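1. Take this sequence and fold it.
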Amino acid sequence: MKLRVARHTSQLPEIVSFYKNIIGLQELASFNDHEGYNGVFLGLAGLGWHLEFTTSESVPERTSDEDDFLVFYVDTKADQDAIRNKCIEAGVPILTVKNPYWNKDRLVISDPDEIKLIIAISR
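-> Take a look at the predicted model:
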């Protein structure tokens, strides 16, 4: 089984930059003017998942709960710290969230669409 998480955005260049330069994902493919949509697939080569971000003339309508996150697991504390340092350099705020579990030894940030991400260490 494979997984694609697809999301519409009005900030495609900023989203691509964030996920590539801060999170460390790779651009796997992209498309232009496919029935009015442009998009990009971001992930890590060889894995069974990726994120798809699309843009079009329509404006995204988004609602999110305080407990909605994308959770990325990194291998080491050094990997997590590297992302934290990139956030600090880029002015990406470090957040705290309602669920105390996610605030312990984890990095909580938001992408340019204000979707919360958690960077946790694999255990």
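
2. Only C-alpha atoms from now on, for both contacts and neighbour counts.
-> Fine.

3. measure the residue nearest to Leu3 when sequence neighbours are not counted to Ile119 for me?
-> Computed as C-alpha to C-alpha, 6 or more residues apart in numbering, the closest residue to Leu3 that is not its neighbour in sequence is Trp49, at 4.5 Å. When distance is defined by C-alpha to C-alpha, to the nearest Å, Trp49 is 17 Å away from Ile119.

4. Contacts for the lengthiest strand in the chain next, please.
-> Using DSSP state E to assign secondary structure, the strand with the most residues in the chain is strand 26-34. Outside of strand 26-34, the residues within contact range by C-alpha atoms under 8 Å, 6 or more residues apart in numbering are 20, 38-45.

5. from the residues you listed, which is closest to Ala6?
-> Using C-alpha to C-alpha, Phe41 is the member of the contacts of strand 26-34 that sits closest to Ala6, with 8.9 Å.

6. does Lys2 really touch Trp49, like I thought?
-> Yes: applying C-alpha atoms under 8 Å, one finds Lys2 in contact with Trp49, separated by 5.6 Å.
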